[in-house]
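*Asks:* The sequence isn't on hand, but the structure is:
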């Protein structure tokens with residue numbers, strides 16, 4: 001009887017070790033998967049611009065100097081514009097933005113509206 005109880009205790013201990021090892025494997029796999037996650041760039045400047053047609057646009061300039069978020073209205077969902085390289089226009093489907101956070105004016109192309117110059 002004692003031998004049977006000891007064997008049962010050893011068997012349950014082995015199951016606990018296997019469960020702990022499996023949990024460690026899952027945690028290691030999750031850590032490896034999140035190690036490659038790249039966070040979005042921080043906003044370095046948020047500016048409001050007045051365009052030639054007297055409309056206002058809102059640009060959030062991002063720290064990577066390759067992208068910006070454009071909004072036609074303060075509460076609109078932003079459209080992310082990206083450049084292939086620093087100094088090139090930032091684009092998205094139908095949109096184009098030339099300028100940077102330090103410039104006094106930008107050149108903006110919007111879908112269906114053409115190109116305008118806008119001042120900060």
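*Replies:* Yes, it's here. The model shown is predicted, which means the values in this text are computed figures rather than measured ones.

*Asks:* Please name the residues that touch the residue nearest to the spatial centre of the chain.
*Replies:* Ranked by distance to the mean C-alpha position of the chain (CA atoms, centre = their mean), the top residue is residue 40 at 3.3 Å. Applying CB atoms under 8 Å, 6 or more residues apart in numbering, we find residue 40 in contact with residue 62. Quick note: C-beta positions are derived from backbone N, CA and C, even for glycine.

*Asks:* For it, give me phi and psi.
*Replies:* In terms of degrees, to the nearest 10, the main-chain angles of residue 40 are phi -70, psi 150.

*Asks:* Heading C-terminal from the lengthiest strand in the chain, find the next helix or strand.
*Replies:* Of all the segments of type strand in the chain, defined by DSSP state E, the longest one is strand 43-51. For strand 43-51, the following helix or strand on the C-terminal side (DSSP states H and E) is strand 56-62.

*Asks:* Parallel or antiparallel, list what pairs with the longest strand of the chain.
*Replies:* If you go by DSSP bridges, strand 43-51 pairs up with strand 56-62 (antiparallel), strand 114-119 (antiparallel).

*Asks:* Minimum distance to residue 69: which of the ones you listed has it?
*Replies:* strand 56-62 (4.1 Å; CB to CB).

*Asks:* what's in contact with the longest strand of the chain?
*Replies:* Identification of contacts with strand 43-51 by CB under 8 Å, 6+ apart yields 56-63, 69, 101, 105-106, 108, 116-120.

*Asks:* Name the secondary structure element that contains residue 39.
*Replies:* When elements are defined using DSSP H and E, residue 39 is found to belong to no helix and no strand.

*Asks:* go on, residue 80?
*Replies:* Assigned by DSSP H and E, residue 80 falls within strand 79-82.

*Asks:* Distance of the residue nearest to the centre of the chain relative to residue 63?
*Replies:* Noted for residue 40: a distance of 9 Å to residue 63, by CB to CB, to the nearest Å.
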